[in-house]
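S.K.: Test case, fold it:
(one chain, ligands or ions: 1)
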Amino acid sequence: MIVNALVRQALTSAQEVMGENGLNAVLRTSGLERFISNFPPDNLEPSIQASQYSKLNEAIEAFYGRGGRGMLRRIGKASFQYAVREQAALLGLAGIALKLLPEKQRIKFILNSMAGALKKSNPQVEAWVDDDSGERLAYMESTCGICYGRESDTPICHLYVGSITEAVLWASGKEHQIIETHCLAKGDPYCRFEVGEVRE
Ligand SMILES: [Zn+2]
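M.R.: Here you go, the predicted model:
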């Protein structure tokens, strides 16, 4: 299950990026008409199944065709901004000052915060930060709701890539490349997002 607060975050961000008509169209094609002009409240009550959430992601990608990937990334970026603005307590950011920490620690902090917020929203979520494999930090989730039940030859969690890109920018002040190296939809045991080079 995905909780109200996260569905509200996704719908608000999607509407910001796609406009109301665009969002309404994909809500219809993904069987989520009930949310048209009727976003769920900002609480941790169960809202929709992961399969419905992944259908919404698929519908957005299909709606924009070749531009779908970029659109989902933009929605992901807007989602993180929304979370900082409206859900700072859930993310554990209230009163936090990262300035004095080295960059890697700052990035690690925000990725841990994202994993923690997801786990707070649903104890069944398995999300964590991997700092063991060489130099690169990676954010991992084995219960990803974005690709739940989908199959693909290539990674498809573009909305997640957008959120993590924005989170790392928030923490470090620099836009790093985020690469989804593994994806449940490809048959991997988890979705893995690697924090790469700074984008020039
Ligand atoms: Zn995924």
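S.K.: switch to C-alpha atoms for all contacts and neighbour counts from now on
M.R.: Fine.
S.K.: which intervals of the protein have sub-threshold pLDDT?
M.R.: 133 (pLDDT under 70).
S.K.: Now the top helix by length along the chain: buried residues?
M.R.: The helix that spans the most residues within the chain, counting by DSSP state H, is helix 4-29. Of all the residues in helix 4-29, those buried under the rule 16 or more other CA atoms under 10 Å are 4-15, 17-18, 23-27.
S.K.: And for stretch 61-80?
M.R.: For stretch 61-80, by 16+ other CA under 10 Å, it's 61, 63, 68-69, 71-80.
S.K.: Tell me if it is near the ion.
M.R.: No: using CA under 5 Å from the ion, we find that stretch 61-80 stays clear of the ion, coming within 12.8 Å at best.
S.K.: what comes into contact with stretch 70-83?
M.R.: With CA atoms under 8 Å, 6 or more residues apart in numbering as the contact definition, stretch 70-83 has outside contacts at 9-10, 12-14, 16-18, 57, 60-61, 64, 91, 158-167.
S.K.: and the protein, which of its residues are near the ion?
M.R.: Checking the chain against the ion by CA under 5 Å from the ion, the hits are Cys144, Cys147, Cys157, Cys191.
S.K.: Touching stretch 173-193 from outside, list them.
M.R.: So stretch 173-193 is contacted by 138-144, 147-157, 161, 164-166, 168-169, 194-199 (CA under 8 Å, 6+ apart).
S.K.: Mind checking which of those residues land in helices?
M.R.: Per DSSP H, the contacts of stretch 173-193 map to helices at Val161, Ile164, Thr165, Glu166, Val168, Leu169.
S.K.: quick one: which of the residues you listed is nearest to Ala115?
M.R.: Ile164 (10.9 Å; CA to CA).
S.K.: how close does that closest one get to the ion?
M.R.: In this view, Ile164 and the ion are 13 Å apart by CA to the ion, to the nearest Å.
S.K.: Would you mind checking the contacts of stretch 173-193 for buried ones?
M.R.: 138-144, 147-148, 150, 155-157, 161, 164-166, 168-169, 194-195.
S.K.: tell me the centre residue of this structure?
M.R.: Tyr160 (3.5 Å; CA atoms, centre = their mean).
S.K.: Okay then, goodbye and thanks.
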